[in-house]
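*Asks:* When you get a sec, could you give me coordinates for this:
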Amino acid sequence: MSLSVAQGFTKSLAMTVLSEIGDKTFFAAAILAMRHPRRLVLAGCLSALIVMTILSAVVGWAAPNLISRKWTHYITTLLFFGFGLWSLWDAINEGVSEELAEVEAELDADVNANNGASKGKDKNDKVFEDSKKQRRPVLTQFFSPILLKAFSITFFGEWGDKSQIATIGLAADENPLGVVLGGIIGQSLCTTAAVLGGKSLAAQISEKAIGLASGLLFIVFGIQSFLSPVD
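*Replies:* Model prediction:
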């Protein structure tokens, strides 16, 4: 593993773990795992995060080909400082469990809407659907509505999030392969912890401490990027 790949891997892994622990998608995975089979939730959430990481890295890799390397380096440096200050501000000023309560309220609203729609179905239709589910092959479980729900909630929850933009900036300034590998391993660790630990783990996490650590890490990346010469 070359130095550039190792550096991109280390930065991406640290950034992903600190950005995703206590994030909205982390809480969503934890709550979904309490209501649905864990393997489907894990498969849906993790596949969405892997796709998002690869897409972000590709965009970051292509950026220097569209804009000069010098400008992408400066933009990335500013992003790191900006996200660092943003994370510190959020950690100092926001309540500890606001994001958890927000995600839980959104998922509860979705469940209530689905339950209301299902009440209007005829009993015979319900029996017919149950018999169809029993006849489905085991492999088709990977394409179940639960997996698709976990995938869509996670994918759109991450779209435009600061961790996605930071991954784009990191891939523009570091080796994209290292960024992808570090991001995928970091996402795997966080998502597995959320699914296995459940809501109890999410409730015990000190969002303030994670936010402060994340903010400081971004600022360290910004300083390192600022001091690094442009290739």
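*Asks:* Which residues are in contact with residue 84?
*Replies:* By CB atoms under 8 Å, 6 or more residues apart in numbering, the residues touching residue 84 are 215, 216, 217, 218, 219, 221, 222. To be clear about C-beta, it is placed using only N, CA and C from the backbone, and glycine gets the same treatment.
*Asks:* Please convert those residues to CSV, extending it with secondary structure, pLDDT and neighbour count.
*Replies:* Shown next, in CSV, are these (DSSP: H, G, I helix; E, B strand; the rest coil; pLDDT from 0 to 100; neighbours: other CB atoms under 10 Å):
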residue, secondary structure, pLDDT, neighbour count
215, helix, 84, 21
216, helix, 89, 15
217, helix, 87, 20
218, helix, 86, 25
219, helix, 90, 18
221, helix, 86, 25
222, helix, 86, 20
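*Asks:* nearest to residue 164, of the residues you listed?
*Replies:* Distance to residue 164, by CB to CB, is smallest for residue 218 among these, at 14.0 Å.
*Asks:* Quick check: the closest one touching residue 76?
*Replies:* No. Between residue 218 and residue 76 there is no contact under CB atoms under 8 Å: 11.2 Å.
*Asks:* quick revisit: can I get the contacts of residue 84 in TSV including distance to residue 67?
*Replies:* Below are the contacts of residue 84 laid out as TSV (distance: CB to CB, whole Å):
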residue	distance to residue 67
215	27
216	28
217	25
218	21
219	24
221	20
222	19
